[in-house]
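Engineer: give me a model of this one.
(one chain, ligands or ions: 2)
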Amino acid sequence: MIVAIANQKGGVGKTTTAINLSSALALRGHRTLLIDLDPQANSTLSYVDQKKVDRSVYDAIADSACSLSDVIQPSTQEGLWVAPARIGLAKLEAQLVGDLDAAFRVKDKLAAVRDQFPYVVIDCPPTLGLLTVNALVAATHLLIPIQSSYFALEGTDDLLETMDKVRLRANPSLKMLGVLITMHDRRTSLARDTKLQIREVFGAQVFKTIISKNVRLEESPAYRESIFSHAPNSTGAADYYSLCEEVMARA
Ligand code: ATP
Ligand code: MG
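Structural biologist: Ligands and ions are numbered 1, 2, ... in the order given. Predicted coordinates for the structure are as follows:
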């Protein structure tokens, strides 16, 4: 299963979900690869020392002589490997303009390591540009995190349209894994209304698991840890563990 975590809206919990879902899958005993396609490199920073990243997923995409296994590093967690990002990834989109296979780079490179990892999680940048399209072309499934707040559904039409285009032209078997409500604050009526609205639009595609707003989740990247090592008894850990169960059941 190759899960692209995408939403072009910024700050909705893509990276938090990528970090903690991949960690949960590894804890459940599945060899898991986390690919960081975001030039901000936030997922990478949680698991590998940026100083030790001499070659990144950028090189694997841009350089035909560099394979994904040349850039994959073990993470601080057993069973979890990371294809790290680095700021240079931002230049890539401009560099690939005009290449007919530009959208297929990640898929092609992933093919060589695919059978080593039953689960691959791809963290996307907050755009619908070439990097996100590469993730959708390579993925078997799309997971869309939606922040439980005002304008929660803003932009999801464009994302679904992009998904349809990718299905039509490049990856017909791409499936919707689910829509994940994130940063939910049970105490507010706004959050309750938003939850209902998201369920109205996406129906059964919405995961039963809802990720609550949780301080432990918010601070864990600063400690460069997943929620499972930072605060194993937090609601954040319970929420992401429960998401992992649902993801495995939908695989
Ligand atoms: P970007 O679009 O910039 O890549 P993103 O979609 O990856 O952002 P995150 O980086 O995961 O979003 O989350 C945005 C911010 O919200 C971060 O500071 C993160 O720590 C915080 N955050 C994410 N999920 C939660 C949560 N459930 N409770 C509290 N804070 C959270
Ligand atoms: Mg992010």
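Engineer: so which bits of the protein are right by ligand 2?
Structural biologist: When proximity is defined as Cβ under 5 Å from the ion, the chain approaches ligand 2 at 14-15, 42. (Each C-beta comes from the backbone N, C-alpha and C, glycine too.)
Engineer: again, 8 Å this time
Structural biologist: 10-11, 14-16, 18, 38, 40, 42-43, 123-126 (Cβ under 8 Å from the ion).
Engineer: give me the buried positions along the lengthiest helix in the chain.
Structural biologist: Longest helix in the chain, counting residues (DSSP state H): helix 235-250. Neighbour-count burial for helix 235-250 flags 235-237, 239-244, 247 (criterion: 16 or more other Cβ atoms under 10 Å).
Engineer: one step back: by neighbours, which of the residues of the chain next to ligand 2 wins?
Structural biologist: When neighbours are counted by other Cβ atoms under 10 Å, Ser43 leads those with 30 neighbours.
Engineer: other SSEs contacting the least confident helix or strand in the chain by mean pLDDT?
Structural biologist: Least confident helix or strand of the chain, by mean pLDDT, DSSP states H and E, is helix 89-96 with a mean of 80. Here helix 89-96 touches helix 57-62, helix 130-138, going by 3 or more Cβ pairs under 8 Å, 6 or more residues apart in numbering; DSSP states H and E.
Engineer: with mean neighbour count and mean pLDDT added, can I get the ones you listed in CSV?
Structural biologist: Formatted as CSV, the helices and strands packed on helix 89-96 follow (neighbours: other Cβ atoms under 10 Å; pLDDT from 0 to 100):
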stretch, mean neighbour count, mean pLDDT
helix 57-62, 24, 92
helix 130-138, 25, 96
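Engineer: looking at those helices, which is closest to Gly155?
Structural biologist: Nearest of those to Gly155, taken as Cβ to Cβ: helix 130-138 at 12.1 Å.
Engineer: and the closest one, what does it pack against?
Structural biologist: Applying 3+ Cβ pairs under 8 Å, 6+ apart, one finds that helix 130-138 makes contact with strand 2-5, helix 89-96, helix 105-111, helix 156-169.
Engineer: contacts for that helix next, please.
Structural biologist: Applying Cβ atoms under 8 Å, 6 or more residues apart in numbering, the contact partners of helix 130-138 are 2, 4, 6, 8, 35, 37-39, 61, 89, 92-93, 96, 102-107, 110, 122, 124-125, 142, 162-163, 166, 170-171, 174.
Engineer: whatever helix or strand comes next after that helix packs against which elements?
Structural biologist: Counting by DSSP states H and E, the next helix or strand C-terminal to helix 130-138 is strand 141-147. Judged by 3+ Cβ pairs under 8 Å, 6+ apart, strand 141-147 is in contact with strand 2-5, helix 14-27, helix 156-169, strand 175-184.
Engineer: in strand 141-147, what's buried?
Structural biologist: By 16+ other Cβ under 10 Å, the buried positions in strand 141-147 come out as 141-147.
Engineer: got it, and stretch 35-55?
Structural biologist: Neighbour counts using 16+ other Cβ under 10 Å place 35-48, 53, 55 of stretch 35-55 among the buried residues.
Engineer: residue contacts, the closest residue to Gly79 other than its chain neighbours?
Structural biologist: Nearest non-adjacent residue to Gly79, counting by Cβ to Cβ, 6 or more residues apart in numbering: Ala26, 3.6 Å away. Counting by Cβ under 8 Å, 6+ apart, Ala26 makes contact with 32, 77-80.
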